[in-house]
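Novice: Generate coordinates for the sequence data below:
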Amino acid sequence: MKLVIFDIDGTLVRSDPHEDRLFWQALVEVLGVIRQPFEWTDFQHVTDSGITQELYRRQFDRDPSQSALAATERYFESLWQTFLAGLPFDEVEVPGARDMLRHLEADPDWMVAVATGGWGSSARAKLAGADIAHEALALGCANDAMAREDIMAIAQVRAKTANGNKDFERVVYVGDGNWDVKTCAKIAMPLVGMAVEPAIQTRLASQGVTHILNDYRDRGAVLEALDAAGVPSL
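Specialist: Down below sits the predicted model:
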């Protein structure tokens, strides 16, 4: 049995540029932070929990309370729910993602998991907005840890538990971000790049990603990439 772990934003769901806008709205309106021109890659952990805590410390020189973090997460989820309610599924999913996941879940050679830097509630809202069945998937998210490698490890452990605690003969990640490339290179995990925009394909190729997809509509190409992709050579 092999395991494929999918990122969500930009990989299964076309959430950009709405992600930045809604995330900042939640932080400003609930936590009272001041929006500043940061690049997400400026943060130690490019996850909802990591960015929120580091940004709050920068501006207030202390950690946010757990109740404030919970309120921020709930509000962020509600913003996504409201936004997604007006969109058809096909505008939300990366083309072919729904059918590809269904195929992989039915394939006896593969198991599917999800590892996202987003909070769990908003991650589930996005998957539901794309009509991607996710209730039974092993999921690691920003509620579990701040570091991406820890989130990916948690998703893998949960998938292994669902697989009767049997080891996987191959584990491959599918993602689109700089942080996905860096994390996979750090932990020596094969990566399939997802590039819904030409600029993303150029960036991923320059980062040593061996196999890059534009969508999931060519099932044969997806399966070939999952089997053949190597570790990024940063």
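Novice: Show me what counts as buried in the top helix by length along the chain.
Specialist: When the chain is parsed with DSSP state H, its longest helix is helix 66-84. Buried residues in helix 66-84, counted by 16 or more other CB atoms under 10 Å: 69, 72-73, 75-77, 79-80, 83-84. Quick note: C-beta positions are derived from backbone N, CA and C, even for glycine.
Novice: ok, now stretch 162-170?
Specialist: Neighbour-count burial for stretch 162-170, counted by 16+ other CB under 10 Å, picks out residue 168.
Novice: Name the residues that touch stretch 33-51?
Specialist: Stretch 33-51 is contacted from outside by 20, 23-24, 27-28, 54-56, 59, 69, 73, 76, 117-119, 122, 142-143, 145-148, 151, 177-179, using CB atoms under 8 Å, 6 or more residues apart in numbering.
Novice: Also stretch 75-86?
Specialist: Outside stretch 75-86, the residues touching it (CB under 8 Å, 6+ apart) are 18, 22-23, 25-26, 29-30, 48, 92, 119, 121-122, 125-126, 128-129.
Novice: Can you tell me which of those end up in strands?
Specialist: Among those, no residue falls in strands (DSSP state E).
Novice: residue contacts, residue 225?
Specialist: Contacts of residue 225 were listed using CB under 8 Å, 6+ apart, and they are 192, 211, 213.
Novice: Where does it fall, secondary structure wise?
Specialist: Under the criterion of DSSP states H and E, residue 225 resides in helix 219-228.
Novice: Give me the distance from that helix to the chain's centre.
Specialist: 20 Å (CA atoms, centre = their mean, to the nearest Å).
Novice: Can you point out the buried residues in that helix?
Specialist: Using 16+ other CB under 10 Å as the test for burial, helix 219-228 gives 222-223, 225-226.
Novice: Now do the strands in the chain.
Specialist: For the chain, applying DSSP E gives strands covering 2-6, 110-115, 138-140, 170-175, 191-194, 211-213.
Novice: Can you pull out the residues in contact with the fifth one?
Specialist: This means strand 191-194. With contacts defined as CB under 8 Å, 6+ apart, strand 191-194 is touched by 7, 10-11, 94, 172-176, 180-181, 184, 200-201, 204-205, 209, 211-214, 225-226, 229, 231-232.
Novice: Just the buried subset of these, please.
Specialist: The buried subset of the contacts of strand 191-194 - by 16+ other CB under 10 Å - is 7, 10-11, 94, 172-176, 180-181, 184, 200-201, 204, 209, 211-214, 225-226, 229, 231-232.
Novice: Output the helix holding residue 225 as CSV, nothing but the C-alphas.
Specialist: Only the C-alpha atoms of helix 219-228 are listed here, as CSV (Å, rounded to 0.1, in the frame of the first residue of the first chain):
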residue,chain,number,x,y,z
ARG,A,219,-5.6,10.2,-14.6
GLY,A,220,-2.7,8.4,-16.2
ALA,A,221,-0.4,11.4,-15.9
VAL,A,222,-1.4,11.8,-12.2
LEU,A,223,-0.7,8.2,-11.3
GLU,A,224,2.6,8.2,-13.2
ALA,A,225,3.7,11.3,-11.3
LEU,A,226,2.7,9.8,-7.9
ASP,A,227,4.8,6.7,-8.7
ALA,A,228,7.8,8.5,-10.2
